[in-house]
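Participant: sequence-free structure coming up:
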């Protein structure tokens, strides 16, 4: 599963194995072995790959189909147009990235509640 996901992400970015290996500071042969499933990366390399592609390590390892926390939040609020629009603005903010990582263990309902609280605070600050 890891190799398939790695190969897919690399191709989505339009990178050759050589280009990705250089970006990750590894050899092309190591990357090739990961992609064909003959070798697994160590923890640090796994984290480096996840950061490079902006996906979770869980996604890389096939434990979830949700690529990152932003996608999980998007799915949780997609049935509420007001929250969805608010989320589209929020997800660009660097100061809130850590907060989004904390939603990992929350249900979609809880994520919506958190989003409503953040929106209420933002609305109050803008109006006050």
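Facilitator: Sure thing, it's come through. Please read these numbers as outputs of a predicted model, since none were measured by experiment.
Participant: can you give me the neighbour number for residue 119?
Facilitator: If you count neighbours by other Cβ atoms under 10 Å, residue 119 ends up with 17. To be clear about C-beta, it is placed using only N, CA and C from the backbone, and glycine gets the same treatment.
Participant: kindly report the same for the one 4 residues further on.
Facilitator: Counted by other Cβ under 10 Å, the residues lying close to residue 123 total 11.
Participant: longest single helix anywhere in this protein?
Facilitator: helix 108-127 (DSSP state H).
Participant: so what touches that one?
Facilitator: 72-73, 75-77, 80, 82-83, 86-87, 90, 96, 99, 103, 106 (Cβ atoms under 8 Å, 6 or more residues apart in numbering).
Participant: the nearest residue to residue 91 once chain neighbours are set aside and residue 127, how far apart?
Facilitator: Spatial nearest neighbour of residue 91, chain neighbours left out: residue 70 (5.1 Å); criterion: Cβ to Cβ, 6 or more residues apart in numbering. Using Cβ to Cβ, to the nearest Å, residue 70 is found at 27 Å from residue 127.
Participant: with neighbour numbers in mind, choose between the two.
Facilitator: With neighbours defined as other Cβ under 10 Å, residue 70 and residue 127 compare such that residue 70 has more, 18 against 6.
Participant: can you name the next helix or strand after the host helix or strand of the more buried one?
Facilitator: Counting by DSSP states H and E, the element that carries residue 70 is helix 69-77. As assigned by DSSP H and E, the chain's next helix or strand after helix 69-77 is helix 81-90.
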